[in-house]
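K.L.:
Okay, here's the prediction I keep looking at, along with the sequence it came from:
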Amino acid sequence: LDLSAGIDTRELVSSTQSTEPVDGERVIAVVALPKDKDEKTAPLALGTRGGVVKRWNRESPTTMDSWGVIDLKDGDELLAAREAPDGSRLVFVSTDSSLLTFDAKQVRPQGRTAGGMAGIRLADGCEALAFAVVHEDELEWTDAEEREDGSTSPAHGAVVLTVAGDGASLLGTDTGSAKVSPLALYPTKGRGTGGVRSQRFLKGQNTLIRAYVGAWPLVAYTESGHIVALPAPDMRRDGSGSELSSAIGYVA
């Protein structure tokens with residue numbers, strides 16, 4: 001994939017006229033807006049580090065080139081944003097290894113100035129580490145199977161990647177131990193409740209240092225772009241992880 005002809009998204013963010021740049025601001029999603037008010041589009045789900053969730057109804061002003069889509073509390077920040085039709089599932093993973101997944105239709109669509117609602121109930125001292133939207137065709141897990149012609153159909157479905165480590169370690173120095181498990185193993189619960197454990201901590205581990213939810217297969221990279229080998233999917237919902245060779249910088 002050649003990105004040499006692309007434009008750095010930071011140039012686009014800094015060129016807006018209706019809002020002042022914010023220190024630390026970064027792009028987390030690129031989405032299309034309706035061309036007219038009658039065009040039907042799925043709400044955009046937003047999840048925050050403070051465990052707040054919102055489905056923005058895509059209504060937007062026509063006289064501004066930038067505007068807010070959620071009223072964040074002081075100290076909170078967005079983790080991710082993705083289209084979320086009623087049939088999709090929303091997922092939070094917190095630093096204490098709690099995973100909460102619930103149906104998107106439990107979150108009523110709101111206008112851009114609304115502050116959202118409770119997504120996951122966080123334990124004291126914890127925060128949400130990852131937020132994801134999983135569409136209907138990714139919810140069911142299918143193991144790899146051998147076809148009649150001798151070829152193998154790949155495994156398919158959404159998985160949860162968690163990496164446990166020591167919260168006192170310097171950023172990037174703890175490679176951590178990783179576990180990958182199908183999302184289908186985790187029960188759905190009600191919005192605003194606590195989750196279930198997604199990974200069991202071993203000696204020397206007291207927090208999740210990374211989490212990601214997406215379609216299998218996942219590819220992990222170091223900060224410098226080298227691939228980090230991930231363990232095969234584990235059918236234990238809350239088992240322990242396997243040591244990684246390098247610290248993960250990005251997951252796709």
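P.N.:
Good, I have the coordinates.

K.L.:
For the rest of this, base every contact and every neighbour count on C-alpha atoms.
P.N.:
Fine.

K.L.:
Show the low-confidence segments of the chain, by residue range.
P.N.:
Segments of the chain classed as low confidence (criterion: pLDDT under 70) are 1-22, 37-38, 171-172.

K.L.:
where along it do the helices fall?
P.N.:
9-14, 136-139 (DSSP state H).

K.L.:
mind listing what residue 98 touches?
P.N.:
By Cα atoms under 8 Å, 6 or more residues apart in numbering, the contact list for residue 98 reads 194-198.

K.L.:
again but with residue 100, I slipped
P.N.:
Residue 100 sits in contact with 91-93, 120, 188-189, 193-196, where contact means Cα under 8 Å, 6+ apart.

K.L.:
Then residue 130?
P.N.:
By Cα under 8 Å, 6+ apart, the residues touching residue 130 are 49, 79-80, 91-94, 210-213.

K.L.:
what would these look like in a markdown table with distance to residue 109 and neighbour count?
P.N.:
What follows is those, written out as a markdown table (distance: Cα to Cα, whole Å; neighbours: other Cα atoms under 10 Å):
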| residue | distance to residue 109 | neighbour count |
| --- | --- | --- |
| 49 | 20 | 22 |
| 79 | 18 | 19 |
| 80 | 17 | 17 |
| 91 | 17 | 25 |
| 92 | 18 | 30 |
| 93 | 22 | 32 |
| 94 | 24 | 30 |
| 210 | 29 | 23 |
| 211 | 26 | 23 |
| 212 | 24 | 21 |
| 213 | 23 | 25 |
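
K.L.:
which of those residues lies closest to residue 64?
P.N.:
residue 80 (23.1 Å; Cα to Cα).

K.L.:
Confirm for me that the closest one is in contact with residue 51.
P.N.:
No. Here residue 80 lies out of contact with residue 51, judged by Cα atoms under 8 Å, at a distance of 11.7 Å.

K.L.:
Number of residues surrounding residue 74?
P.N.:
The tally of other residues near residue 74 (other Cα atoms under 10 Å) stands at 6.

K.L.:
Could you report the neighbour count for residue 102?
P.N.:
For residue 102, using other Cα under 10 Å, the count is 21.

K.L.:
Next, please give the residue ranges for the strands of the stretch 151-252 of the chain.
P.N.:
Assigned by DSSP state E, counting those that start in this stretch, the strands in the stretch 151-252 of the chain fall at 152-153, 158-165, 177-182, 196-197, 207-215, 220-221, 227-228, 242-243, 250-251.

K.L.:
Nearest to residue 236 among the contacts of residue 98?
P.N.:
Distances from residue 236 to these, taken by Cα to Cα, are shortest for residue 198, at 9.2 Å.

K.L.:
Now the closest one. Nearest residue, chain neighbours left out?
P.N.:
residue 238 (4.7 Å; Cα to Cα, 6 or more residues apart in numbering).

K.L.:
The one you found against residue 199, yeah?
P.N.:
Yes. Contact criterion Cα under 8 Å: residue 238 and residue 199 qualify, at 4.4 Å.

K.L.:
which one of the two has more residues nearby?
P.N.:
Relative neighbour count places residue 199 above the other of residue 238 and residue 199, with 27 against 19, counting by other Cα under 10 Å.

K.L.:
Which residues are in contact with that one?
P.N.:
97, 162, 164, 179, 237-241.
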